[in-house]
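Asker: the following comprises the amino acid sequence and a computationally predicted model.
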Amino acid sequence: MSLAETTQEKSPDIKISNQDADDFIDDSQIDTIIKKFDAESNFRNLGGITAKITGFLCIVLSLFHVYTAGFGLLNEVTHRTVHLTLVLGLVFLVFPRQKPKKMLTDWGFGIFFAIFYIFLTWQLTNRLADQFSPWGQTALIGMSIFIAITALPIRQLGGEGDKLSFADWPLAIAAGGFSLYLIVFFKEIFIINIGFPQLADYIMGLIAVMMVTEACRRVMGNTLPVIGAGALLYGLMGPFLPGVLAHRGYDIVRIVEHLYLGTEGIYGVAVGVVATYVFHFVLFGVMAQASGLGQLFIDLAMILAGKYSGGPAKVSVLSSAFFGMISGSPIANTATTGSFTIPMMKKNGFSPSFASAVEASASCGGQVTPPIMGASAFVMTEMLGVPYNEIILIAIIPALFHYLAIFSMVHLEARRLGLKGMAQEQIPQLMYVLKRSWHLMIPLTTMVTLLLMQFTPYLAAFWGIILTIICSYIPPIMHKLGIGDLDDSKTLTPKRIAEGLDEGARYALAIGAACACVGFILGMLTLTGMGFKFSGAVLELSSTAGTFLSGIIPFGLLSANGCTLFFGLIMVAVACIIMGAGIPTTPCYIILASIAGPALSDLGVPLIATHFFVFYYGVLADVTPPVALAAYAGAGIGGADPMETGMTAFRLSMGKALVPFMFVYAPSMLLIDFNWPEFSIAIISGILGVIALSVAYIGYFKTEVSLWGKTLLTVGGLLMVSSNIAIILTGTALVLSVLLPRLLGIGTHKTATNW
C-alpha cells in the first residue's frame, strides 16, 4: 500500500482524487529505487530453505542485540566477535554479487583484489614456512585462490540475482568462521597464549582480512575496500616509499596480529559502536516505521506547513526532518517520504528537479538531526568520550541552520512562482491525527528522555523497541473498550515482530561490514603514524597559502593565522567531500576524523568542533555530484535529470556547507567555552548569512534580484561566517544594501502580497 493510499484510508477527512493517487509511488517502486541507489538495501529475495535459514539467523542477530541492550553487554571482544560472526556470514547470503557494469573497470578491480589476496597468502606462508606442513600450506593457498577467483567478475559464477551461487555458502562459512574461532578458543588466545599467537591464529587472521574485504565489496562496491587494501599495502611497503610517506615497514605477521587479535583493527571502535549502539537504533527505526510513526510524521508536517505558499515542499522539509530522527539513511528517507511529497510538489508547480532536490537535501539532514541522528553520532560519542546526551544538545543549533537554509529557499521559490498552499481538504485534522496516533509518541519520548537523563544509548533503544511493540496494541484495546476506530494494521503481532527483527538485522549488515573494513585503515594508522604525517602536510600547505594571502591583503585586514586556519578548513572540507563521494557517511567520518582531525586540532580548532566539521562535510557528500545518491534517488521518483537534481540539492544544502565554518569560528554555537556575546553574534550573523545566500541562489526577494545583487548577497553571506566583527559588519552592509530596499518597498515595482 502506498503512502498516498494509506493517508486516504486512515484519514477520512483528507480528500485525494483518483488522479492524484495515481501520481504517488507504490511500495514496489520505492523498493526498486532504494535498491538501485542504495547498495546497503539491495537484499536478495530468497526462497526455500535458504530463506528460512537466513531469516532465522537475522532474527537471532536482532534478539542477541535486544537482549544484551536490556540485560548487559558481553565483554568487549566477545560482544564484537559474536556480532561479526553473524553479520559477515549473512552478508554473502543476503546480498548478491555486484553485476558488472563497466567490464574494463570491473575486471581491473577484480584482478587487483585477486592478486592482493594471493600476495598476502604468499607473504604469510613464506614468513611462517617453518611452521607449515606441506598439506596445510597447500590448503591455505588453495583457499586464497578460490577467494581470488570469486573476486573476479565472472558471470558464470552466478550469484548476481536472488539465487545463490555455489561459492556463496563457502564464503559465508569462512566469513563467519574467523570470528567464531575467536569465540570458541577465547581462553587459549586471549588468556593462556596471550602475546604468543599460534599458526592457526595467523591463518584465521589472513582469512579475516580477505573475507572482510570481500564482504565490504559486496555491500559497498570497490571504493572503501580499495582504500582498506591500500592501507595494508602501505604498512607492508613502508621502507620502499618516497619522502614523507616512508616508514619502517611491518611484515604480514605483525599486521595480521594487529588487525585480528586486538581491538585496534577489525574489532576496533568502528565495529564496537555498530555492535553496541547503531544496531539497536536501526532496529528501533524499523519497528517504529512498521507501527505507523512515519505516517504520523507526514500528517503532522501537513498540518504545520501544508496551507502555506508552496505547502507540499514545506511538508517535504518537515516530514523528512521528522523521519530523519528515526532513520540514518538519506536514501531510504528520500524514497519513503519522497514517494508522497515529490509528486505533490510537482503538482503544486515546482519543477521536477527542484522537487526531487528538496526531498533529497532535507532527507540528508536526518543524519545531523537529534535525537537519534545517524550512526556517525554514536561513533563520535565513542571517539570523543562525550556522553550522547551532550552530543544531542550540541547538534541542535547546527541542524536548525541546515533546515533554515532549505526552508528559506523553498519559501522564496514558491513566492517567485506564485504558488499557493495545499487545499484545506487535503490537510488532515489535528484532533483526528492525535486521537489515532498519540500512542506512537510514547516510545520516542521515553527514549529521548532516557538519553537526556544520561542512560546508555543502547538501554534507551531497548526501551524504545519494547514500548513500540507494547504501544502498538493500544488502538485495538481501546476499540474493544468502545473508544476510537479499530486500526489493527499497525499492530506488531508476533509475525510482524519477527518480520521487523529480520528486516532490522538486514539493514544493519552493510554498515557492519563497512566498519570492519574501516578497521584496516584505523589499524594501519596506529601502526604507521600516517595521521600525523597527513596533519603535518595540511599544516605546511595551509600555512604557506595563509602567509601568502595575508601578505597581499592591505591594511592587515587578514592575519596569517586566520588565513592559515581558513585554508586548512578548505582542504579538509574538500577531502571529506571527495572521500564521501564513494564511501557512506559513517566510514567516511571515522577515516577523516582519524586522519584529518589532528590537522584541525593543530590549527587550534576545539576537538568537538573538529569532529562535527568532518561529520557535516561527510554527510554533504550524499548530495554532492558526481555521486549524489540521495539526489539520484529523488530524481528517480520525480522523473528529473539526476545531475541537475544533484546540483540543485547541493545548492539547497548550502546551510550545511556553511554551518561547519560558523561553529569553527564561533565555538559557542556548539556550547564550547560558551559565552552569550559570541553566541548571539554567531546566531544573528548566521541567520542573516543563510537568508542572503538563499536569496542569491533563488534570485528573488519581493522582486527579482539582479546579477549584481546576487553577487553582493553571495559575498556578504560568506563574510557572515567570520568571527571578526569588522568582517561581519562589512557582510551585513552588503546584504542589507540589497534586502533592505525591498523590505521597505523602495525602488520596487512588483511587490509581492501576503509575504
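Answerer: Perfect, thanks for sending it.
Asker: can you list phi and psi of Thr703 for me?
Answerer: Phi and psi for Thr703, reported as degrees, to the nearest 10, are phi -140, psi 170.
Asker: okay, and the beta partners of it?
Answerer: Phe701 (DSSP bridges).
Asker: looks like it contacts Arg742 (just checking).
Answerer: Yes: using CB atoms under 8 Å, Thr703 and Arg742 qualify as a contacting pair, with a distance of 6.3 Å. For glycine as for every other residue, the C-beta is placed from the backbone atoms N, C-alpha and C.
Asker: which of those two has more neighbours?
Answerer: Legend: neighbour count by other CB atoms under 10 Å for Thr703 and Arg742, higher for Arg742 (20 against 17).
Asker: low-confidence ranges, the stretch 351-500 of the chain, go.
Answerer: Across the stretch 351-500 of the chain, the ranges flagged by pLDDT under 70 are 484-489.
Asker: let's go with 80 and repeat that
Answerer: Counting by pLDDT under 80, the low-confidence segments of the stretch 351-500 of the chain come to 366-367, 371-376, 479, 481-489.
Asker: need the strands for the stretch 501-650 of the chain, in chain order.
Answerer: Taking DSSP state E, counting those that start in this stretch as the criterion, the stretch 501-650 of the chain contains no strands.
Asker: where exactly do the helices run in it?
Answerer: For the stretch 501-650 of the chain, the helices defined by DSSP state H, counting those that start in this stretch occupy 530-552, 560-580, 585-595, 597-602, 607-620, 629-638, 642-652.
Asker: list the contacts for the spatially closest residue to Tyr617 that is not a sequence neighbour?
Answerer: The spatially closest residue to Tyr617, leaving aside those adjacent along the chain, is Cys576, at 3.5 Å (CB to CB, 6 or more residues apart in numbering). By CB atoms under 8 Å, 6 or more residues apart in numbering, the contact set of Cys576 is Cys588, Leu592, Ala596, Val614, Tyr617, Gly618, Leu620, Ala621.
Asker: any chance of these in a markdown table, with neighbour count, pLDDT and distance to Val82 too?
Answerer: Shown next, in a markdown table, are the contacts of Cys576 (neighbours: other CB atoms under 10 Å; pLDDT from 0 to 100; distance: CB to CB, whole Å):
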| residue | neighbour count | pLDDT | distance to Val82 |
| --- | --- | --- | --- |
| Cys588 | 29 | 81 | 27 |
| Leu592 | 24 | 81 | 29 |
| Ala596 | 25 | 77 | 33 |
| Val614 | 30 | 87 | 30 |
| Tyr617 | 27 | 83 | 34 |
| Gly618 | 27 | 78 | 29 |
| Leu620 | 26 | 79 | 35 |
| Ala621 | 24 | 73 | 32 |
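Asker: Leu670: which of these is nearest?
Answerer: Of all these, Leu670 sits closest to Val614, with 13.4 Å by CB to CB.
Asker: the closest one touches Pro598, doesn't it?
Answerer: No: assessed by CB under 8 Å, Val614 is found out of contact with Pro598, at 11.1 Å.
Asker: spatially central, which residue of the protein would that be?
Answerer: Thr585 (4.0 Å; CA atoms, centre = their mean).
Asker: name the nearest residue to that residue, sequence neighbours excluded.
Answerer: Nearest residue to Thr585, sequence neighbours excluded (CB to CB, 6+ apart): Gly618, at 5.0 Å.
Asker: how about Arg742?
Answerer: Per CB to CB, 6+ apart, closest to Arg742 is Lys702, 4.2 Å.
Asker: what sits against Ile683?
Answerer: When contacts are counted by CB under 8 Å, 6+ apart, Ile683 touches Ile397, Met669.
Asker: how far away is it from Met237?
Answerer: Computed as CB to CB, to the nearest Å, the Ile683 to Met237 distance reads 50 Å.
Asker: now swap in Phe166 and tell me
Answerer: 35 Å.
Asker: can you check Arg80 too?
Answerer: Arg80 sits 29 Å away from Met237, going by CB to CB.
Asker: what does Leu128 give?
Answerer: Leu128 is 20 Å from Met237, by CB to CB.
Asker: any idea which helix or strand comes after the helix or strand hosting Ala270?
Answerer: If you go by DSSP states H and E, Ala270 is part of helix 269-273. Downstream of helix 269-273, the next assigned helix or strand under DSSP H and E is helix 279-290.
Asker: Arg80 and Met237: who's more crowded?
Answerer: Arg80 (24 against 14).
Asker: just the CA atoms of the helix or strand hosting the more buried one, as CSV, please.
Answerer: Per DSSP H and E, Arg80 falls inside helix 76-94. Output of helix 76-94 as CSV, limited to C-alpha atoms (Å, rounded to 0.1, in the frame of the first residue of the first chain):
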residue,chain,number,x,y,z
GLU,A,76,34.2,-6.1,24.6
VAL,A,77,35.9,-8.7,22.4
THR,A,78,33.2,-11.4,22.8
HIS,A,79,30.4,-9.0,22.0
ARG,A,80,32.1,-7.7,18.8
THR,A,81,33.0,-11.2,17.6
VAL,A,82,29.5,-12.6,18.1
HIS,A,83,28.2,-9.6,16.2
LEU,A,84,30.6,-10.1,13.3
THR,A,85,30.1,-13.8,13.2
LEU,A,86,26.5,-13.4,12.2
VAL,A,87,26.9,-10.1,10.2
LEU,A,88,29.7,-11.2,7.9
GLY,A,89,28.2,-14.7,7.4
LEU,A,90,24.9,-13.2,6.5
VAL,A,91,26.3,-10.7,4.0
PHE,A,92,27.1,-13.4,1.5
LEU,A,93,23.6,-14.9,1.8
VAL,A,94,21.6,-11.7,1.9
